[in-house]
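Enquirer: generate a structure from the sequence data that follows.
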Amino acid sequence: MRTGSFKGALISTLVIASLMVSVVAATLILSASSVSASPNDRLYIVYDMGGRGDLSFNDMAYMGGKRAELELGVELIEMPSATEADYVPNLRAAASDPNAKLIVGVGFLLTQALVDVSKEFPDKNFVGIDTYCKSVEPQPNLLDVVFEEHKGSALVGALAAMLAYHYGKPYVGAVLGIEIPVLWKFEIGYKWGAEYWAPMWYKQKFGEWPPMVDTLWTYTGTFSDITKGYEAAVPMYAQDAVAIYNIAGPLWRGINQAVKEIAEAQGLDNGPPFWIGVDADQDWINPGFVIASMMKRVDHGVYYATKLVMENKFRDAITVYDHQITLGIGTTILGIPMEGISVSTLEDLDAFLQLGIDAGIIGPENRDAIYEKVRSMRDNQPAWIWEAVEELEGKIRTGEVEVPLTLTADDITYWRDIFERLPARAPVGGVAFAPDKLALLAPYIVLAALITIATVSAAVYWRRRH
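Expert: Coordinates of the predicted model:
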């Protein structure tokens, strides 16, 4: 081979290799740019009234924002709202920033403001946490993030029932706020976990049916009157309910007062009676008496929405999911696992204790004592109780079981009727039916008797012939 030809081939090869390296490098740079932020990219969070320090939605949104700041490289900008009149100006100010990548509004009260401002800034991305913007006026740049509360309620319903079995209590309770469709999801999910799934799991685990546990429940008609929460809880505990699920926001104060009075009168350091927190981790409020909380992971909602924006998938999600994504148990968005419902853990407690310390609500000197009290309370419950809850969560995640989703008046009528027809409470170790509910089973009893008679008659006839 001639030297000139060899050199020419070598140069050609090096040029081609150089071009290939350049193409690969460019591809990597473009790929990296879709998931990493520029130094000026900003995430705005417009808080609901009350702002930081609520140890609920606002603080959880902050947690999600800080995670996005650390992992996705955006700069978190917080905007408090003193009154509802601040929503629109805050959203406008955020959207006016040329470096704003995403503007988040926290809580359903921001729904209309998000709709109005997103129309003014069509090139900006907006998210509402627990909002219903889609139902008001859907926008191509506005996404609702909502949650599968029925599934989380099923988990704490099962937990409450298992506690009732263990302590020999006849009831679990639920105190609800205003009767609106979203609360139907909590109500029926809780009843399903307590009255349907829990006894079947117990039978499979221990080989016998547990005592029947009924649900005491009431709608107080308010999310603000603490006295009504107290008045609803007192008779439930008087009937020996093992735990009451707070589905009424700040009415937990009334429920907690009822528990404190019982504990003081009986000299109790731990439950029962218990109560169950909602939305955020409320286990720290009365350690030893709040058995767990059903958490709507607002922090996950903020983080995942930011991730969708930074990966240039946000508008795709709006289109594919019709302006609303739902985070729950086993949920995926655009093929990516994104969950938003859980039962509180000790890790969650630790995070909320720090939030409480930062807000000046919890003294740092009390942190370890609160944590240890909650840990001890949980450890004092039989392991099979937590095993049952964990198993139900796993089966929901894989789709092996499906918790009923109640959204309409027809749905709630149907499911309430189902639970009214379930067997009434029985003594420990057996299953009994109240007379009025026994009547519902009469046709099946008659049919079973006829089948038995026919089977015996056939057997007698066969023996005589043979």
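
Enquirer: quick one: least confident helix or strand in the chain?
Expert: Lowest on mean pLDDT, DSSP states H and E among the helices and strands of the chain sits helix 435-438, with a mean of 38.

Enquirer: quick one: mean pLDDT for stretch 188-199?
Expert: Mean pLDDT, computed over stretch 188-199, is 97.

Enquirer: end-to-end on that stretch?
Expert: 16 Å (C-alpha to C-alpha, to the nearest Å).

Enquirer: pull the distance from it to the chain's centre.
Expert: 16 Å (C-alpha atoms, centre = their mean, to the nearest Å).

Enquirer: could you do stretch 226-241 as well?
Expert: 24 Å.

Enquirer: restricting to C-alpha, output that stretch in CSV.
Expert: Output of stretch 226-241 as CSV, limited to C-alpha atoms (Å, rounded to 0.1, in the frame of the first residue of the first chain):
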residue,chain,number,x,y,z
ILE,A,226,-63.8,22.9,66.7
THR,A,227,-66.6,22.4,69.2
LYS,A,228,-68.5,20.3,66.7
GLY,A,229,-65.5,18.0,66.3
TYR,A,230,-65.4,17.5,70.0
GLU,A,231,-69.2,16.9,70.2
ALA,A,232,-69.0,14.4,67.5
ALA,A,233,-66.1,12.5,69.0
VAL,A,234,-67.3,12.3,72.6
PRO,A,235,-70.2,9.9,72.0
MET,A,236,-68.1,7.7,69.7
TYR,A,237,-65.5,7.2,72.4
ALA,A,238,-68.3,6.7,74.9
GLN,A,239,-69.5,3.8,72.8
ASP,A,240,-66.0,2.4,73.0
ALA,A,241,-64.6,3.3,69.6
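
Enquirer: got a list of contacts for that stretch?
Expert: 169-173, 175, 216, 218, 220-222, 244, 246, 248, 250-255, 257-259, 262, 273, 275 (C-beta atoms under 8 Å, 6 or more residues apart in numbering). C-beta: built from backbone N, CA, C; applies to glycine.

Enquirer: do stretch 247-260 as well
Expert: 153, 174-177, 183, 186-187, 190, 220, 222-234, 237, 244, 246, 271, 273-275, 277-279, 282, 285-286, 289.

Enquirer: before we move on, back to that, just the buried members of the contacts of stretch 226-241?
Expert: Among the contacts of stretch 226-241, the ones that count as buried by 16 or more other C-beta atoms under 10 Å are 169-173, 175, 216, 218, 220, 222, 244, 246, 248, 250-252, 254-255, 257-259, 262, 273, 275.

Enquirer: which residues of the stretch 51-200 of the chain fall in helices?
Expert: For the stretch 51-200 of the chain, the helices defined by DSSP state H, counting those that start in this stretch cover 57-72, 87-95, 111-120, 133-136, 149-167, 181-191, 198-206.

Enquirer: buried ones in the first one?
Expert: Pointing back at helix 57-72 there. In helix 57-72, counting by 16+ other C-beta under 10 Å, buried: 57-65, 67-69, 72.

Enquirer: for Trp462, give me the pLDDT.
Expert: pLDDT at Trp462 comes out at 54.

Enquirer: then Ser38?
Expert: Ser38 carries a pLDDT value of 70.

Enquirer: of the buried ones among the contacts of stretch 226-241, which belong to helices?
Expert: In this view, the buried ones among the contacts of stretch 226-241 that belong to helices under DSSP state H are Trp252, Gly254, Ile255, Gln257, Ala258, Val259, Ile262.

Enquirer: is it correct that Glu149 is in contact with Glu187?
Expert: No - with contacts counted by C-beta atoms under 8 Å, Glu149 stays clear of Glu187, the gap being 9.9 Å.
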